[in-house]
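In: Predicted model and sequence below, questions to follow.
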Amino acid sequence: MRPEHTPLFAALRELRAGAGLSLAALAERTPYSKSSWERYLNGKSLPPRQAVRELCRLAGEPDGRLLALWEIAESHWSGRAAPAPTPAAPTPPTDESPRPRPQEAPPSAGAGLRRLGGSRLLVVLASAYTVIVGGTAALLFVLLPDSEAREAGPRPGPVPFSLAPQCHGAACEGRDPMRLICGIGPATLASYRTATGAHVELRHSEKCGASWVRAWGTEVGDRLDVTAGGPTHGVRIRNEDDAATFVYTEMTEVRTGSTVRACFRPASAGGGQECFEARVGGAATTTRPPSPPVASGR
């Protein structure tokens, strides 16, 4: 699994866990087998686009953000987003190939290179190229003959990418919960349905020691804020793409027993700010906006 694929797989696992769907349930309710879902959710293979849509449908959540993550992962998975390959150094003539005899000319720097043997010329070219681009030892292993590559030692293996959270507590303050892998299996402290119909949730990661707000069903111009007694972090719905998918605030540091507060401000001028709170370590709650007072008749 490559780092650019991780946000997709983390979001898929979060969605499945939040909906309480087992692998068997997914296999029964979609065209994909239990073993296929196991590969899709663990990053062993890229799920089809339709599988992502099916999971969103079963979880009852919009598919815009997950499909955007799928597009990014698919472009890297297929190699369409890979950088153009480095052009190979020109191959010097072998000892068997005929070499034209140049006419007598004053000695030059190029003549010194021509007198070098095949393997030495490759080393010089590789070294010069490495200095120009900033250097990578891997290029030498490509250009050196097998005997010299063996002497230089084995190539280092790939560094495994960790799915563990990348921050905790104060280090998470003001940072993206999805990028820092805090969005895998978070708890929902409280959920709220606004007067405009938007869904707002207070999310919390015990491993990261941080909370944030997630929302969907919003409108362009709406704003969300979260605070736990320290800095306030907010996000505004900027365009139709934001409104069609999940939006997240940045994280705020929390501890067990802390009170986290979320506020929703609708874009409409006549709508008032709606806020709700939850206590970390308390039971999850679901609330609705207060009903408008009914005018009494005379």
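Out: Thanks, I have it. Numbers count the residues shown, from 1 in each chain.
In: what's Arg203 sitting at in phi/psi?
Out: phi -110, psi 150 (degrees, to the nearest 10).
In: Show me what it is bridged to.
Out: Thr188, Trp212 (DSSP bridges).
In: pretty sure it contacts Ala190?
Out: No - proximity of Arg203 to Ala190 does not meet the contact threshold set by CB atoms under 8 Å, at 9.6 Å. No exception for glycine: its C-beta is placed from N, CA and C like everyone else's.
In: Quick check: the closest residue to Arg179 other than its chain neighbours vs His168, distance?
Out: Distances taken as CB to CB, 6 or more residues apart in numbering put Pro7 closest to Arg179, at 7.1 Å, once the chain neighbours are dropped. Using CB to CB, to the nearest Å, Pro7 is found at 19 Å from His168.
In: And Ile184, by the same measure?
Out: 14 Å.
In: Tell me which stretches of the stretch 151-298 of the chain form helices.
Out: 240-243 (DSSP state H, counting those that start in this stretch).
In: Now do the contacts for Leu202.
Out: Thr188, Leu189, Ala190, Ser191, Ser211, Trp212, Val213, Val226, Val260, Ala262, Phe276, Ala278 (CB atoms under 8 Å, 6 or more residues apart in numbering).
In: So among these, which ones count as buried?
Out: Taking 16 or more other CB atoms under 10 Å as the criterion, what is buried in those is Leu189, Ala190, Ser191, Ser211, Trp212, Val213, Val226, Val260, Ala262, Phe276, Ala278.
In: Distance to Leu55 and pLDDT for those residues - can I get that in a markdown table?
Out: Output for the buried ones among the contacts of Leu202, formatted as a markdown table (distance: CB to CB, whole Å; pLDDT from 0 to 100):
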| residue | distance to Leu55 | pLDDT |
| --- | --- | --- |
| Leu189 | 24 | 93 |
| Ala190 | 24 | 93 |
| Ser191 | 20 | 92 |
| Ser211 | 25 | 96 |
| Trp212 | 22 | 95 |
| Val213 | 23 | 95 |
| Val226 | 27 | 97 |
| Val260 | 28 | 96 |
| Ala262 | 26 | 96 |
| Phe276 | 28 | 95 |
| Ala278 | 27 | 94 |
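In: ok, Gly270 - how many residues close by?
Out: 5 (other CB atoms under 10 Å).
In: ok, it - contacts?
Out: By CB under 8 Å, 6+ apart, Gly270 lies in contact with nothing.
In: how close does it get to Ala195?
Out: Counting by CB to CB - Gly270 and Ala195 are separated by 10 Å.
In: and what of Pro31?
Out: Taking CB to CB, one finds Pro31 at 39 Å from Ala195.
In: now swap in Ala244 and tell me
Out: Distance from Ala244 to Ala195, by CB to CB: 20 Å.
In: List the contacts of the closest residue to Asp241 other than its chain neighbours.
Out: Leaving aside its sequence neighbours, Asp241 sits nearest to Gly64 (CB to CB, 6+ apart; 6.8 Å). Counting by CB under 8 Å, 6+ apart, Gly64 touches Asp241, Ala244, Thr245, Phe246.
In: Then Leu66?
Out: Leu66 touches Leu8, Ala11, Leu12, Leu15, Val52, Leu55, Cys56, Thr245, counting by CB under 8 Å, 6+ apart.
In: Quick check: the residue nearest to Asp241 vs Gly217, distance?
Out: Noted for Gly64: a distance of 11 Å to Gly217, by CB to CB.
In: likewise Val280?
Out: 25 Å.
In: same check, this time on His199
Out: 5 Å.
In: same deal with Ala267?
Out: 13 Å.
In: Output the below-cut-off pLDDT ranges for the stretch 1-150 of the chain.
Out: Applying pLDDT under 70 to the stretch 1-150 of the chain flags the ranges 1-5, 79-150.
In: and with 50 instead?
Out: By pLDDT under 50, the low-scoring segments of the stretch 1-150 of the chain are 84, 93-98, 102, 104-150.
In: domain assignment for this structure?
Out: 3-78, 115-146, 169-287 (automatic domain parsing).
In: What segments of the protein are strands?
Out: 187-193, 199-205, 210-216, 223-227, 233-236, 247-248, 252-253, 259-265, 274-279, 285-287 (DSSP state E).
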